[in-house]
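Asks: Sharing a model prediction with you, sequence too.
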Amino acid sequence: MQTAFICPICKAPLAREGKSLLCPMRHTFDIAKSGYVNLLLKKAGQHGDNDAMLAARQGFLNSGYYSHLANALKEALASLPLPASPAILDCGTGEGYYLEAARSALPDASPRLYGFDISKQALLFAAKRRLDASLFVASAYAVPIADGTVDAALLFFSPFCREELLRTLKAGGYLLMAVPAEEHLWELKQLIYDTPYRNALSPFDIEGFTLLSHRHVERVIDLASQEEIQLLFQMTPYYYKTSPRDKEKVRAADTLAVTAAFELLVYQKQS
């Protein structure tokens, strides 16, 4: 069965045969029992987020704290003139929260879902969502997807590679991207740091794309326990960059009202 995958070694098309993906040169990539396939040409080892960060993120997101962003994604995706069976590619899918939102945005379509991450552990979490998606280990800088096959790509807080996005998207295809707003998690930063800083935003113009819409998505979320605060803290990079002294400040907090603010950008690939 033909797929949208290409061989990461020779770039030839990959077809599914049984429990493997094979190219005409017989380069073979076995599909794991959980359903993902490793197409990353790197030595074995830990890549991407670790289990603790992924578990914290899954617990936090499944509690609905970022549902305002998921809902904004669904509204944006549902408004696009996509074909009846669109190919949706989630770049840096993590544990699959936003890919699941994308699927629910298209109840009357039969989308072909693709999600990749550099972390094998992340895809184990994503596979448990049972999205009927093709999950694969890969780098954002070498995506093993054929040229011009993607109708819409999602890029939520993941590494950005313009060339690969332009290559894999169809002419007129869409890119939906979310980035943290300037004030995102401001109160958490105030709790941690003596001199907190706001997020720096880059210009939104991207060569080769036309910006169709820009929506600021924001709400204040109330974390009512130390457990909930730790879930948020441990799913962020701040946890791994914070000194033991500053971590104690977070442990001392019983409740926290924190701003969850994002910029949701919708682009179209220029012809």
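Replies: Noted; the coordinates are in hand.
Asks: For the rest of this, base every contact and every neighbour count on C-alpha atoms.
Replies: Will do.
Asks: Now the element after the helix or strand residue 163 falls within, going C-ward?
Replies: According to DSSP states H and E, residue 163 maps onto helix 162-168. Counting by DSSP H and E, the element after helix 162-168 in chain order, helix or strand, is strand 169-180.
Asks: Enumerate the positions of the helix or strand following that next one that are buried.
Replies: Using DSSP H and E, the helix or strand that follows strand 169-180 in sequence is helix 186-192. Using 16 or more other CA atoms under 10 Å as the burial criterion, the residues of helix 186-192 that qualify are 186, 188-189, 191-192.
Asks: next helix or strand past helix 186-192?
Replies: The first helix or strand that comes after helix 186-192 along the chain, using DSSP H and E, is strand 209-223.
Asks: roughly how far is that following strand from the heart of the chain?
Replies: 16 Å (CA atoms, centre = their mean, to the nearest Å).
Asks: what do you get for stretch 258-271?
Replies: Relative to its parent chain, stretch 258-271 has a centroid offset of 13 Å by CA atoms, centre = their mean.
Asks: can you give me the strands for the chain?
Replies: 2-6, 13-17, 20-22, 28-30, 37-38, 87-91, 112-117, 134-137, 150-156, 169-180, 209-223, 256-269 (DSSP state E).
Asks: Redo the ones you listed as JSON lines? Include mean pLDDT and distance to residue 244.
Replies: JSON lines is the format used below for those (pLDDT from 0 to 100; distance: least, CA to CA, whole Å):
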{"stretch": "strand 2-6", "mean pLDDT": "88", "distance to residue 244": "44"}
{"stretch": "strand 13-17", "mean pLDDT": "95", "distance to residue 244": "48"}
{"stretch": "strand 20-22", "mean pLDDT": "96", "distance to residue 244": "46"}
{"stretch": "strand 28-30", "mean pLDDT": "97", "distance to residue 244": "42"}
{"stretch": "strand 37-38", "mean pLDDT": "96", "distance to residue 244": "36"}
{"stretch": "strand 87-91", "mean pLDDT": "97", "distance to residue 244": "33"}
{"stretch": "strand 112-117", "mean pLDDT": "96", "distance to residue 244": "30"}
{"stretch": "strand 134-137", "mean pLDDT": "96", "distance to residue 244": "33"}
{"stretch": "strand 150-156", "mean pLDDT": "98", "distance to residue 244": "29"}
{"stretch": "strand 169-180", "mean pLDDT": "98", "distance to residue 244": "25"}
{"stretch": "strand 209-223", "mean pLDDT": "98", "distance to residue 244": "22"}
{"stretch": "strand 256-269", "mean pLDDT": "98", "distance to residue 244": "20"}
